[in-house]
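# sequence-free structure coming up:
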């Protein structure tokens, strides 16, 4: 789609809201998959964790990941796919950190009390993805997520993959235009990325569920387990219909 001229901030917001309305309508019944995943996240917020300082930071990072799910999917509906990648990257960073702290609780103090140029902090937390990768057998639920983080990182910085698609050159008028929105070539292409983001925000949720929440879920464990099973089936169907290649 040719870029339209943005006449100011309020016009930008107007287009954003139009995009969100159009895409919610275009997704039809699939839009409910966002609400279903949100229901999973929110249901687990009600789980009472033990009064254990070792769980406080992972629990906080869970809320950050949930927040980024909101940012990411809201951005996607408004046609800011680049921002969705950035939100997913933050959610993954939070999840990798929480996963590491759940497996290595003795390092929580190191994480919280980072001193300037601490070699140990730099080694473990500066690139938490690398820490997970170098100990992948210890973190089985991160399988496949490291590669997704690599993809997201292209959009978190000024990588050509994340910015050059936004620019359009009018060679006759010698004018450079920029798209403020990430339009897809077809509804099918849009739904492929919809399936991608939902699936990996679901994978983020599953790390927290398997490593922290399930053991403390008590009487609602079966209910949430059934919801997860149902959602896995819906994701499998969606991703088989809209496949990324």
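Now that the structure is in, tell me what you want to look at. No experiment lies behind these values; they were computed from the predicted model shown.

# could you use CA atoms for every contact and neighbour count after this?
OK.

# could I get the pLDDT score of the residue of the chain most remote from its centre?
In terms of distance from the mean C-alpha position of the chain, residue 172 ranks first, at 40.2 Å (CA atoms, centre = their mean). You'll see residue 172 listed with a pLDDT of 73.

# that one and residue 179: what is the separation?
18 Å (CA to CA, to the nearest Å).

# what's the answer for residue 34, then?
26 Å.

# same thing with residue 196?
22 Å.

# check residue 68 too.
23 Å.

# among these two, which residue is more densely surrounded?
Looking at residue 68 and residue 179 with other CA atoms under 10 Å, you find the greater number of neighbours at residue 68, namely 22 against 17.

# which helix or strand contains that one?
According to DSSP states H and E, residue 68 maps onto helix 53-77.

# can you tell me what sits against that helix?
By CA atoms under 8 Å, 6 or more residues apart in numbering, the residues outside helix 53-77 that reach it are 19-20, 23-24, 34, 41, 49, 81, 83-88, 90-92, 94-95, 97-99, 101-102, 105, 108, 194, 197-198, 201, 204, 208.

# can you name the element that comes right after that helix?
The helix or strand immediately downstream of helix 53-77 is helix 81-103, counting by DSSP H and E.

# residue 224 is in what secondary structure piece?
Element membership for residue 224 (DSSP H and E) is helix 221-241.

# which elements pack onto that helix?
helix 32-45, helix 187-208 (3 or more CA pairs under 8 Å, 6 or more residues apart in numbering; DSSP states H and E).

# and with 7 Å instead?
helix 187-208 (3 or more CA pairs under 7 Å, 6 or more residues apart in numbering; DSSP states H and E).

# buried set for the helix it packs on?
190-208 (16 or more other CA atoms under 10 Å).

# tell me the pLDDT of the residue nearest the centre of the chain.
Nearest to the geometric centre of the chain sits residue 88, at 2.5 Å (CA atoms, centre = their mean). You'll see residue 88 listed with a pLDDT of 97.

# the one 10 residues further on too?
With respect to pLDDT, residue 98 has a value of 96.

# residue 185 too?
Model confidence at residue 185, expressed as pLDDT, equals 85.

# tell me the secondary structure at it.
At residue 185 the chain is in coil, as set by DSSP: H, G, I helix; E, B strand; the rest coil.

# residue 124: what's it in contact with?
residue 131 (CA atoms under 7 Å, 6 or more residues apart in numbering).

# now it: how far from residue 218?
Counting by CA to CA - residue 124 and residue 218 are separated by 33 Å.

# what do you get for residue 151?
Taken as CA to CA, the span from residue 151 to residue 218 is 37 Å.
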